[in-house]
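*Asks:* Structure for the following, please:
(one chain, ligands or ions: 1)
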Amino acid sequence: MRIDDIASDLPRTNRLYLKDSYLREADSKILRVVREKGTRYYIVLDSSIFHPLGGGQPSDTGMLSASGFEFEVKKALESEGVIVLYGKSLEGEPREGLVVRQKLNWERRYLIMRLHTAGHVIDRAVSDIIGERIDTMGASHGPPRAYVEYKAEIGEDKLELIEKLANEILDDREVLIRKVSPEDLLSSIYGAPNLGRLPKAFVYRIVEIKGINAIPCSGTHVSRTSEVGKIRLVGVEALEGGSRLYYDVEGK
Ligand SMILES: [Zn+2]
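*Replies:* Just a heads-up that it's a prediction; the model follows:
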C-alpha cells in the first residue's frame, strides 16, 4: 500500500504539534480510511497531534477513540503534507466522518522532545570542539537509539570533551519557536547546519535555543533546556564521509 495513494487529493493535515508540542489530546475528524488487512488500517485525520516519521524524528504513537471505537496508532507517516496514521483497531471499525479523540503516547513523545532539543545542543558542542560549523548528514532524535550523523571525523577521544561542553552550555535556556519569511531567514538563524540543502518554502519554522543556535526545524522541542536533563554520549561510529554520534538523556 503506497502512502502517496492513500493521501492523494486530501487537504494538508493541520499539524497541532507544531503550535503546541505539549498537547497530548485533541478531537479530529476521520477523512479517509483504507483497510490494509484484518483489523489493520491506514487513517487520515483533518488534524494531527502525531508527529510523523521524518525531519530527524521518529514517529509518535498513541490511540484514537470514540464511542465503541478504539484504535492503536503504531506509526504516523507523511506524504505531501498529509499525515497518514497506521495501526490496528482494538474495538469497532473506523469510518470516514467519525470524530475521534487522539491521545498521544506522552512518555515516548516527551522523551523525543528532550532528545531533539539535546540534539541541537550537541550540534553546537560538536562544532565548538571541532572548531568549525559542521553539517549533519542524518539524525534520529528518539528511541530506541538516538543519534546524529556529522560530516566530520569524530574520534572516541573527543566524546568526553563534547559531552562535557554540551552539558555546560545546556543550562536553563529558553527554546523559542517562530516563523519567518524566506527574506528574513538568514538574519533569523545562527549556527544552523545544511543551509545548502534547505528546501524552498514560503515560510520557515525556526527553533532557537537562546544563545546556542537557531535552526530551521519542524520537530517537537521542550520549552526550556533544563527539561532535557543530562546529555550522555554513548558512542561513535565511523561512516563514509562522517561519524554517527549516539547519545541519550538522563534524569531531569
Ligand atoms: Zn531539529
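
*Asks:* which residues of the protein fall in helices?
*Replies:* Taking DSSP state H as the test, the helices found in the chain are 3-7, 16-19, 106-130, 159-170, 182-188.

*Asks:* Could you dump the ones you listed into TSV with distance to the ion and mean neighbour count added?
*Replies:* C-beta: built from backbone N, CA, C; applies to glycine. Supplementary listing: the helices of the chain in TSV, determined by distance: least, Cβ to the ion, whole Å; neighbours: other Cβ atoms under 10 Å:
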stretch	distance to the ion	mean neighbour count
helix 3-7	22	16
helix 16-19	12	17
helix 106-130	6	22
helix 159-170	15	18
helix 182-188	15	12
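
*Asks:* want to try CSV for the ones you listed, with mean pLDDT as columns?
*Replies:* Converted to CSV, these look like this (pLDDT from 0 to 100):
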stretch, mean pLDDT
helix 3-7, 96
helix 16-19, 96
helix 106-130, 97
helix 159-170, 98
helix 182-188, 93
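
*Asks:* any low-confidence regions in the stretch 151-252 of the chain?
*Replies:* Of all residues in the stretch 151-252 of the chain, those with pLDDT under 70 make up the ranges 252.

*Asks:* Identify the residue spatially nearest to the residue in it that the ion sits nearest to, adjacent ones excluded.
*Replies:* Sorted by distance to the ion under Cβ to the ion, the residues of the stretch 151-252 of the chain start with C217, at 3.3 Å. If you skip the residues right next to it in sequence, C217 has V207 as its closest partner in space, 4.3 Å away by Cβ to Cβ, 6 or more residues apart in numbering.
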